[in-house]
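Student: please work out how this folds:
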Amino acid sequence: MERIRPIKYIPDWSKIPLNWILQNMETFNVPYEDIRKSNPWVSDKEFQEWLLENRGSATEPVSDTKILRLRNANTPFPELNKIFQTFRPERLNFTILAKGTGYPPHRDVHRTCNINFIAPGPRGRIMVEDIEYNYDRFVLDPSVKHAVESVPQERFTMMASWSQKSYTDVCEVLEKDGWL
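Tutor: Below you'll find the model as predicted:
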């Protein structure tokens with residue numbers, strides 16, 4: 001079974017409160033231990049070299065990525081409420097990837113399923129289990145090896161996320177509801 005599938009739902013980006021989201025974002029600093037657990041395919045030496053080159057430090061990595069996590073399904077924003085009501089995620093995550101930033105091969109250690117919506121504009125290809133995809137909206141099993149290509153511009157992603165439901169369970173609901 002493929003661990004990534006395109007999704008039919010298209011958010012109305014003109015109704016996403018981008019200014020409010022941007023004002024409330026924080027730097028997305030992942031603890032060293034979680035970064036290491038998410039990259040079991042590389043040696044310790046390769047991992048340390050990557051951290052030094054891409055995160056400024058091999059022991060206290062920093063990030064240019066910004067994030068906002070929303071857990072409340074009752075927001076003052078109708079378009080976000082619609083997404084919460086349609087997919088019933090545990091949270092919505094919004095991220096900004098700085099220009100020239102991608103994600104190397106990794107697996108997520110805290111999420112079991114995501115629906116990603118890439119804002120109109122530049123997007124890098126995503127590699128899932130060594131196969132390239134070029135979707136702007138998709139459901140993903142983040143527990144498998146995946147990577148995101150860097151692009152020369154900043155990019156914005158909205159992600160419906162679960163840590164308690166499996167990719168298979170979410171896909172079954174999406175199929176039943178007609179989104180896959």
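
Student: mind checking the SS state of the residue of the chain positioned farthest from its centre?
Tutor: Distance to the chain centre peaks in the chain at Lys45, reaching 26.5 Å (criterion: CA atoms, centre = their mean). For Lys45, the assignment made with DSSP: H, G, I helix; E, B strand; the rest coil gives helix.

Student: next one: the one 4 residues further on
Tutor: Look at Glu49: counting by three-state DSSP, its state is helix.

Student: give me the number of neighbouring residues for it.
Tutor: 13 (other CB atoms under 10 Å). From N, CA and C alone the C-beta is placed, and that goes for glycine too.

Student: and the gap between it and His106?
Tutor: 15 Å (CB to CB, to the nearest Å).

Student: same check, this time on Val170
Tutor: Going from Val170 to His106 by CB to CB gives 20 Å.

Student: more neighbours, those two?
Tutor: Neighbour count, other CB under 10 Å: between Val170 and His106, Val170 has more, with 23 against 20.

Student: check which helix or strand covers that one.
Tutor: helix 167-176 (DSSP states H and E).

Student: list the buried residues for that helix?
Tutor: 167, 170-171, 174 (16 or more other CB atoms under 10 Å).

Student: can you check stretch 132-144 too?
Tutor: Neighbour-count burial for stretch 132-144, counted by 16+ other CB under 10 Å, picks out 135, 137-143.

Student: can you give me the strands in the protein?
Tutor: Assigned by DSSP state E, the chain shows strands spanning 4-6, 26-27, 66-70, 91-97, 103-106, 113-118, 126-128, 131-133, 137-140, 146-148, 155-162.

Student: want to try TSV for the buried residues of helix 167-176, with distance to Asn114 and pLDDT as columns?
Tutor: Shown next, in TSV, are the buried residues of helix 167-176 (distance: CB to CB, whole Å; pLDDT from 0 to 100):
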residue	distance to Asn114	pLDDT
Tyr167	9	97
Val170	9	97
Cys171	12	97
Leu174	12	97
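
Student: could you identify the most distant pair in those?
Tutor: Tyr167 and Leu174 (10.3 Å; CB to CB).

Student: what do the two both touch?
Tutor: Common contact partners of Tyr167 and Leu174 (CB atoms under 8 Å, 6 or more residues apart in numbering): Val139.

Student: and Glu33, how many neighbours?
Tutor: Glu33 is flanked by 9 other residues according to other CB under 10 Å.

Student: how close does it get to Thr112?
Tutor: 19 Å.

Student: again with Leu80
Tutor: From Leu80 across to Thr112, the span is 22 Å (CB to CB).

Student: if you count what's nearby, which of those two comes out ahead?
Tutor: Each of Leu80 and Thr112 has its neighbours counted (other CB under 10 Å); Leu80 has more, 23 against 19.

Student: the residue nearest to that one when sequence neighbours are not counted pairs with what?
Tutor: Excluding the flanking residues, the one nearest Leu80 by CB to CB, 6 or more residues apart in numbering is Leu92, at 6.4 Å. On the basis of DSSP bridges, Leu92 is bridged to Leu70, Ala160.
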